[in-house]
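**Q** Fold the following and give me the result.
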Amino acid sequence: MKIDIFPHLNEEEFSQLQKISHLKKFTKGDIIFYEGDIPEFLYYLIHGVVKVFKTNFSNGRDITLNYILPGCFVGEFAAIKEIPFPISAEMETDGEVLLIEKKPFFNMLKGNFKLEWEFMKLLASKIQKNYEYCENLVEKNAKKKILKFLRDHEDLFFTLNKNKIASILNVSPETLSRTLKELKEEGLIIERTVIKVNKQKIQEILEDMQ
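**A** Modelled structure (predicted):
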């Protein structure tokens, strides 16, 4: 198993991290953890989409709080604060999650400034992505939202159904369908034997939208 979320570890540190980590495959609908569970691992999403939700125990309904995309920890604050998970996490698609044993990993952090710094950067990256997610919620330019998603998550664009993408981007399914049609006409999405996304042209358009 190759762990590349901490790219600057030396061989000894890498080997130590391997011993306390394992990749786990999940299928759509699998629960990673439930609200109230005690964290024993840090969960780092490698592939797929995770839905974070809370359950209203008075009526049994789930309230979706956020969608976690690849390259982020899930529920890490509970492990750091040593509290039960205040949320539940469910796979929205098939995917892979890296499970890192909490106690041995935190012991590794002690006195290892390099690893501490790498961990802090990953946490900061998630905060940044949450800010971007909030910006997307209030962004009125639907085309800009969709272009960013295509640029950053091309694989998910072909994995998720269009209604789910619309929900993640906070646009109506009708707006998504209409915009995708426009992007095909503009050559940003090319439909042949294999559908491809013109990321270079998308990036140029996004820069013009700044």
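
**Q** now that we're looking at the closest residue to H153 other than its chain neighbours, how far away is A142 from it?
**A** What sits nearest to H153 in space, not counting adjacent residues and going by Cβ to Cβ, 6 or more residues apart in numbering, is L69, at 6.1 Å. All C-beta atoms are positioned from the backbone trio N, CA, C, and that covers glycine. Computed with Cβ to Cβ, to the nearest Å, the distance linking L69 and A142 is 19 Å.

**Q** Please, where are all the helices along this structure?
**A** 11-19, 76-81, 102-109, 113-138, 142-152, 154-157, 162-169, 173-185, 199-209 (DSSP state H).

**Q** Any chance of CSV for the ones you listed, columns mean neighbour count and distance to G60?
**A** Compiled in CSV, the helices of the chain are given as follows (neighbours: other Cβ atoms under 10 Å; distance: least, Cβ to Cβ, whole Å):
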stretch, mean neighbour count, distance to G60
helix 11-19, 13, 40
helix 76-81, 17, 23
helix 102-109, 15, 30
helix 113-138, 13, 26
helix 142-152, 19, 32
helix 154-157, 16, 29
helix 162-169, 18, 21
helix 173-185, 14, 26
helix 199-209, 13, 42
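
**Q** Can you tell me which of the ones you listed is nearest to T93?
**A** Closest of the helices of the chain to T93 is helix 154-157, at 7.5 Å (criterion: Cβ to Cβ).

**Q** Which strands and helices lie in contact with the closest one?
**A** Helix 154-157 is packed against helix 142-152, with contacts defined by 3 or more Cβ pairs under 8 Å, 6 or more residues apart in numbering; DSSP states H and E.

**Q** Could you give the separation of the helix it packs on from the chain centroid?
**A** Relative to its chain's centre, helix 142-152 lies at 16 Å (Cα atoms, centre = their mean, to the nearest Å).
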